[in-house]
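Q: Sequence first, then the predicted structure:
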Amino acid sequence: MKSEEINGNIFYNGDCVTGAREHIPDNSVDLIITDPPYGINGDQLHQHYNRDEEFVVEGYVEVPASEYGEFSLNWVKEAERILRPGGSIYIVSGYTNLYHILAALRETGLREVNHIIWKYNFGVYTSRKYVSSHYHILFYEKPGGERTFDLESRFGLKEKDLDNGSLNYQDREDVWIINREYKPGQVKNKNELPAELLVKMMQYSSNEGDLVCDMFLGGFSTARVAIGLNRRATGFEISQTAFEVKARELQDVRHGYLLPSLRTPDVEERKNQGKSWTDADIKTLTDRFTRLAESGKTKQSIIETLEEELGRGRWAIEKMLKKQGIQNGGRGRPHNKATDGEHNSQAVLPLD
Ligand SMILES: C[S@@+](CC[C@H](N)C(=O)[O-])C[C@H]1O[C@@H](n2cnc3c(N)ncnc32)[C@H](O)[C@@H]1O
């Protein structure tokens, strides 16, 4: 299988299943972001079908719909093998063959984290039905290790919009409205993913220096963004045309070129942040929580007070309270729907 090294990153021109088996060790990848062929028009293209290059459409190789189940199972199992324990995988999929990918995931030990809806512009125009303008993004993890989720990588927990809504919460809702890129006059892969979408996934789910793999490189958009964010990149593309054109373009992409364009989140450093809890710290926490709850304060204001008093972040406090069995209002205080209900984002204890 032909491979190309570009600025220290290796990419493979060939089938991702055989390629991964040959070249990518077990448990070696931190993050997989991938967008498999959709298998939609595959069956209409059987006259072009051959084993080496399968369906070639302008450098885009399709998979016959009739083989989509087996195809999905093969590559998803390989993805599971190469992911490190605690590693994350994001799979972008249309609706038509989504069930095959879900079924394949169920055959593995990968665990669902979120099912994200990506809403985009330029949906296919229709007149007798609704316009289809979303994709599914299946966000899974490989159990057995610490999953990277950089909570304040984009917005600090305290940052608010003009209506006092939490920017962090809004950014982490599981419906993402991100427009596709309009690139007139440029050669591009069918369904090239927008950089904004990839940046978001990588900011939350990886750190600088991590290895990001795309099983279906297409226009190499995942690789471009990974390099732009100072991550390492690898991946596979079966089409020789796409591989040659896009690998050449990647040679001009500089490490870290996207970093200056990232928003700097307003994150408060707290004096005890990251420090482990002593028994005395835990007792102070539970006593103060109970006292404040008895005084009738809402959970949100209790947590804010505790953040100041204990010099720890909100998430750490909520996690420890949960560990101590104090949830949804705390001891000595009746459950308060208005402040603790699941519709009040500011007040709910995290479930993860
Ligand atoms: C939906 S596109 C990926 C688009 C890509 N995410 C981007 O932003 O440009 C899927 C790609 O997978 C490639 N492909 C199809 N079968 C493959 C296989 N078995 N191994 C590797 N690549 C394959 C196709 O040629 C196509 O370029």
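A: Structure's in. What do you need?
Q: how about Gly86, what does it touch?
A: Listed by CB atoms under 8 Å, 6 or more residues apart in numbering, the contact set of Gly86 reads 141-148. Bear in mind the C-beta positions are built from the backbone N, C-alpha and C, glycine included.
Q: One more pass at 10 Å, please.
A: 27, 30, 141-148 (CB atoms under 10 Å, 6 or more residues apart in numbering).
Q: and it, what are its phi and psi?
A: phi 90, psi -10 (degrees, to the nearest 10).
Q: Near the nearest residue to it once chain neighbours are set aside, how many other residues are there?
A: With CB to CB, 6 or more residues apart in numbering as the criterion, Gly86 has its nearest non-adjacent residue at 2.6 Å, and that residue is Gly145. Gly145: 13 surrounding residues under other CB atoms under 10 Å.
Q: Repeat that for the one 4 residues further on.
A: Phe149 is flanked by 14 other residues according to other CB under 10 Å.
Q: Let's verify it: helix, strand, or coil?
A: coil (DSSP: H, G, I helix; E, B strand; the rest coil).
Q: how about the residues of the stretch 151-300 of the chain that lie near the ligand?
A: Residues of the stretch 151-300 of the chain lying near the ligand by CB under 6 Å from any ligand atom: 189, 191-193, 216, 218-219, 221, 236-239, 242.
Q: Could you pull up the residues touching the closest residue in space to Met201 that isn't next to it in sequence?
A: In this structure, Met201 finds its nearest non-sequential neighbour in Tyr90, 5.2 Å apart by CB to CB, 6+ apart. Taking CB under 10 Å, 6+ apart, we find Tyr90 in contact with 31-35, 113-114, 116, 137-140, 197-198, 200-202, 204-205, 222.
Q: Does the ligand have contacts with stretch 120-135?
A: No - contact of stretch 120-135 with the ligand (CB under 6 Å from any ligand atom) is absent, the minimum separation being 10.4 Å.
Q: which of the residues in that stretch are buried?
A: Using 16 or more other CB atoms under 10 Å as the burial criterion, the residues of stretch 120-135 that qualify are 120, 134-135.
Q: next one: stretch 207-218
A: Under 16+ other CB under 10 Å, the buried positions of stretch 207-218 are 210-218.
Q: Could you work out the end-to-end span of that stretch for me?
A: 24 Å (CA to CA, to the nearest Å).
Q: Spell out the residue ranges of the helices in the stretch 151-300 of the chain.
A: Taking DSSP state H, counting those that start in this stretch as the test, the helices found in the stretch 151-300 of the chain are 167-171, 195-205, 221-228, 240-250, 279-294, 299-310.
Q: buried ones in stretch 246-263?
A: For stretch 246-263, using 16+ other CB under 10 Å, the buried residues are 246-247, 250, 253, 255, 258.
Q: list the contacts for Asn168?
A: Asn168 touches 151-160, 265, 267, 345, counting by CB under 10 Å, 6+ apart.
Q: any idea how far it lies from Gly228?
A: Here the criterion is CB to CB, to the nearest Å. By it, Asn168 lies 23 Å from Gly228.
Q: Same question for Ile82.
A: 22 Å.
Q: got the contact list for Asp35?
A: 90-94, 135, 137, 189, 191-193, 197-198, 214-219, 221-222.
Q: Spatially nearest residue to it, not counting backbone neighbours?
A: Nearest one to Asp35, counting by CB to CB, 6+ apart, is Val92 at 4.1 Å.
Q: For that neighbour, the count of nearby residues, please.
A: 22.
Q: for it, helix, strand, or coil?
A: Going by three-state DSSP: Val92 is strand.
Q: which of the residues in stretch 287-305 are buried?
A: 289-290, 292-293, 297-300, 302-304.
Q: Looking at the buried residues of stretch 246-263, which is nearest Lys323?
A: Lys323 has its nearest neighbour among the buried residues of stretch 246-263 in Leu258, at 37.3 Å by CB to CB.
Q: ok, now how distant is the closest one from Thr286?
A: 44 Å.
Q: So Asn142 is in contact with Ile89, correct?
A: Small correction: residue 142 is Lys, not Asn. Yes - using CB atoms under 10 Å, Lys142 is in contact with Ile89, at 7.6 Å.
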